[in-house]
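Asks: sequence first, predicted coordinates after that:
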Amino acid sequence: MADASFVIETERLRLREHDPADAAAMASLFNDIEVVRGTLSVPFPYTFAHAREWIAGLRPKWIYEGKPTSFAVVLRDGGVLVGSAGLNVDAAHRRGELGYMYGRAHWGKGYATESCRALLRYGFETLRLHVVYASHWGWNGASARVLEKSGMRFEGVLREHGVRLGEVHDSVVYGMVAEEHEAMRRGAVDG
Ligand SMILES: CC(C)(COP(=O)(O)OP(=O)(O)OC[C@H]1O[C@@H](n2cnc3c(N)ncnc32)[C@H](O)[C@@H]1OP(=O)(O)O)[C@@H](O)C(=O)NCCC(=O)NCCS
């Protein structure tokens, strides 16, 4: 399934297409209420069967113009799976919604931010999207920080926008348009 041409590499991480062999590691990372509660709809408990079915169903939804938009995030050093991240593309609007989840043992090491930056670059420079956005539940300060550190802008709060695990939550929306990404990249190169 994995195609070497669609591997995204960062300093410490490799983002590659999910492989059926990832299911066991995904179930072990994500069968954790502290991980699942931050997501929009990932089930809990999260079992091997959930992971296997999800990987099997990735195509064609998570392909845009022939390129994958959902990735397993693994350590370049050793290949250990630490999380999943992707851009859910709405082709009609050429926009992508960022989503991500990482195993709790791997939090606080900057991995989410490192892969978020890489996915923004992929979304704008490879997929040619004109906007990328993301939303997190109101209580999810860590996710807000990831989006801020990646250069995304706070756009607003959709009040009581979702029901997750039986509770109502605000959704906080962040976004970046292509021009902002280009300016950020230029600044990084010039500065
Ligand atoms: C949110 C999540 C992706 C963050 O992953 P991570 O790899 O730990 O993120 P990073 O290490 O890149 O950055 C986390 C930042 O949040 C900060 N942070 C952690 N907990 C926080 C909190 N409760 N409030 C505010 N900031 C917090 C960290 O200090 C760090 O910022 P810093 O570098 O300025 O110190 C991870 O916790 C996760 O997978 N959660 C479960 C799934 C989820 O919530 N997904 C997001 C869906 S929108």
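Replies: Ah, there it is.
Asks: hey, where'd the strands end up in this structure?
Replies: Remark: strands assigned in the chain by DSSP state E are 8-9, 13-16, 63-64, 67-68, 70-75, 81-90, 95-102, 131-137, 153-164, 167-177.
Asks: what's the last one packed up against?
Replies: What that stands for is strand 167-177. Helices and strands touching strand 167-177, as assessed by 3 or more Cβ pairs under 8 Å, 6 or more residues apart in numbering; DSSP states H and E, comprise strand 131-137, helix 141-149, strand 153-164. No exception for glycine: its C-beta is placed from N, CA and C like everyone else's.
Asks: give the buried residues for the lengthiest helix in the chain.
Replies: The helix spanning the most residues in the chain, taking DSSP state H as the definition, is helix 178-190. Across helix 178-190, burial judged by 16 or more other Cβ atoms under 10 Å covers Ala178, Glu180, His181, Met184.
Asks: the ligand contacts on this protein?
Replies: 35, 38-39, 100-102, 107-113, 136, 140-143, 145-146 (Cβ under 6 Å from any ligand atom).
Asks: PyMOL command to pick out the buried ones of those?
Replies: In PyMOL, this line selects whichever of the residues of the chain next to the ligand come out buried by 16+ other Cβ under 10 Å:
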select buried, resi 35+38+39+100+101+102+111+112+113+136+140+143+146
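Asks: shaky segments in the protein?
Replies: Scanning the chain for pLDDT under 70 picks out 1-5, 191.
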